[in-house]
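1. model this:
(2 chains)
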Amino acid sequence: EAQVTQNPRYLITVTGKKLTVTCSQNMNHEYMSWYRQDPGLGLRQIYYSMNVEVTDKGDVPEGYKVSRKEKRNFPLILESPSPNQTSLYFCASSFFRGTEAFFGQGTRLTVV
Amino acid sequence: GENVEQHPSTLSVQEGDSAVIKCTYSDSASNYFPWYKQELGKRPQLIIDIRSNVGEKKDQRIAVTLNKTAKHFSLHITETQPEDSAVYFCAASIGAITGGGNKLTFGTGTQLKVEL
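-> Below is the predicted model of the structure:
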């Protein structure tokens, strides 16, 4: 089954404790991205990747890191999480930009 | 960069009525305009998209129109049903054919409620 898989689905952590949210797709998509969803603000892009080893900042990259060492994986790293990073996070992939984006199940992160 | 505005933020209609959601975009180079539906607690899913070389596209009860000159596009849902209740997001990006920015920029969403 074609899918985008994120883990974990729920995460509660403390300020400053490094965490990684994993994202994996099995559709051989070139384009992957991370979004955060906050009430009233819609989906805002954090980082995107056009292919292996090619990443770029989205609209709200501060406090986040990403890597794309393999085509299928695109982890989101929070080196020192802060409470303002409490949000619902979605990973998405598409064959290329300008084509349908497939979203993961979402990760609800709470930073206390 | 691209800026997408979406209106209204909430929309309540009676079952069977039509619903219209409108979006405007700022970057004239944008040429791909998808619409996503997000049911409560679920992930966004594509329901329809349109490219800048066409002015209208239909899929059963759903249609999207695009006015490139005015830089706005709209989602039309006819004969609404309770299962249409969800949050709808418009988005804009530059597609694969042209160069430039690669971001998919979303609107802030419309909460559609279809009442019985």
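
2. buried ones in the biggest strand by length in chain A, by neighbour count?
-> Ranked by residue count, the top strand of chain A under DSSP state E comes out as strand A:42-51. Neighbour counts over strand A:42-51 (16 or more other C-beta atoms under 10 Å in any protein chain shown) mark A:42-50 as buried. Using the backbone N, CA and C atoms, a C-beta is placed for each residue, glycine as well.

3. kindly report the same for stretch A:9-20.
-> Buried residues in stretch A:9-20, counted by 16+ other C-beta under 10 Å: A:11, A:13, A:19.

4. skipping adjacent residues, who's closest to residue 12 in space?
-> No chain was given, so I picked chain A. Once flanking residues are discounted, A:Ile12 sits nearest to A:Thr110: 4.6 Å by C-beta to C-beta, 6 or more residues apart in numbering or on different chains.

5. the intended chain is chain B.
-> Distances taken as C-beta to C-beta, 6+ apart put B:Lys113 closest to B:Ser12, at 4.6 Å, once the chain neighbours are dropped.

6. roughly how far apart are the one you found and chain A?
-> 16 Å (C-beta to the nearest C-beta, to the nearest Å).

7. phi first, then psi, for that residue.
-> Phi and psi for B:Lys113, reported as degrees, to the nearest 10, are phi -120, psi 120.

8. what's the spacing between the residue with the largest distance to the centre of chain A and A:Ser93?
-> Using C-alpha atoms, centre = their mean, the residue of chain A lying farthest from its centre is A:Glu1. It sits 20.8 Å away. Using C-beta to C-beta, to the nearest Å, we find A:Glu1 at a distance of 14 Å from A:Ser93.

9. repeat for B:Gly107
-> 21 Å.

10. could you do A:Leu76 as well?
-> Relative to A:Ser93, A:Leu76 is positioned 13 Å away (C-beta to C-beta).

11. comparing the two, which shows the higher neighbour count?
-> Neighbour count, other C-beta atoms under 10 Å in any protein chain shown: between A:Leu76 and A:Ser93, A:Ser93 has more, with 27 against 22.

12. identify the residues contacting the more buried one.
-> Counting by C-beta atoms under 8 Å, 6 or more residues apart in numbering or on different chains, A:Ser93 touches A:4, A:25, A:27, A:29, A:31-33, A:74, A:101-102.

13. just the buried members of these?
-> A:4, A:25, A:29, A:31-33, A:74, A:101-102.

14. need those residues in CSV with distance to B:Glu5, can you?
-> As requested, those are exported to CSV (distance: C-beta to C-beta, whole Å):
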residue, distance to B:Glu5
A:Val4, 28
A:Gln25, 30
A:His29, 29
A:Tyr31, 25
A:Met32, 26
A:Ser33, 21
A:Phe74, 29
A:Ala101, 20
A:Phe102, 25
